[in-house]
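[1] Pasting a predicted model and its sequence here:
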Amino acid sequence: MNEKGGALEEAFRFLTEIGIIAQLAGTAFEKAMPEGMTMPQFVVLNHLARLGGEWTPLRLANAMQLTKGAMTNTLGHLIRKNFVAVRPDDRDGRSKLVSLTAEGLAARDRAIAALAPELAALVEGVSAELLTEAIPPLETVRRFLDRRRDRPSDR
């Protein structure tokens, strides 16, 4: 196999490993979530906690690569639990802005606390050092893929 073919094969293998890790981690997260918290709800709360600010439902849907309908459904559950607040956008009366509430941040923190046994097992089984070393290259790949996701296909 030529050099380019080998590099493409390695890129595919790399993304396959990430996909498998995402599936396994997602399943472990779902099992550990506090009663009534779904993975999509946790992802929204975590996103808002990490990045802060107010987000339109469409911007949240795009960030998570979900349909607007799926995001509306998830936000409805979070609103009923008082985990997010929604207000009209002053600049665009048709749009709404979503923000994290104190209750939402506390729920997100409880979910992370519930994950502690899984996280401890990961650190013990793999090592904190390896995980720490893996973060920068993974962030680089994430940023690259994030920039490309809205581009038209290169096909």
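    That came through fine. In this text, all values refer to a predicted model and were calculated from it rather than measured experimentally.
[2] Nearest the geometric middle of this protein, what residue?
    Centroid check for the chain by C-alpha atoms, centre = their mean gives residue 43 as the closest residue, at 4.7 Å.
[3] give the contact list for the nearest residue to that one once chain neighbours are set aside.
    Nearest residue to residue 43, sequence neighbours excluded (C-beta to C-beta, 6 or more residues apart in numbering): residue 64, at 6.3 Å. C-beta coordinates here come from the backbone N, C-alpha and C atoms, glycine included. Counting by C-beta atoms under 8 Å, 6 or more residues apart in numbering, residue 64 touches 40, 43-44, 47, 71.
[4] how close does residue 64 get to residue 116?
    For residue 64, the distance to residue 116 (C-beta to C-beta, to the nearest Å) stands at 24 Å.
[5] Show me the contacts of residue 64 that map onto helices.
    Using DSSP state H, the subset of these located in helices is 40, 43-44, 47, 71.
[6] Out of those, who's the most crowded?
    Scoring the ones in helices among the contacts of residue 64 on neighbours with other C-beta atoms under 10 Å, the highest-scoring entry is residue 44 at 28 neighbours.
[7] and that one, what is it in contact with?
    60, 64, 71, 74-75, 78, 84.
[8] Mind doing that once more with 7 Å?
    For residue 44, the contacting residues are 60, 74, 78, by C-beta atoms under 7 Å, 6 or more residues apart in numbering.
[9] Save those residues as a markdown table, and put in neighbour count too.
    Formatted as a markdown table, these follow (neighbours: other C-beta atoms under 10 Å):
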| residue | neighbour count |
| --- | --- |
| 60 | 21 |
| 74 | 23 |
| 78 | 25 |
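[10] any idea which of these is closest to residue 131?
    Within these, the smallest distance to residue 131 is 27.6 Å, found for residue 60 (C-beta to C-beta).
[11] Understood, closing this out.
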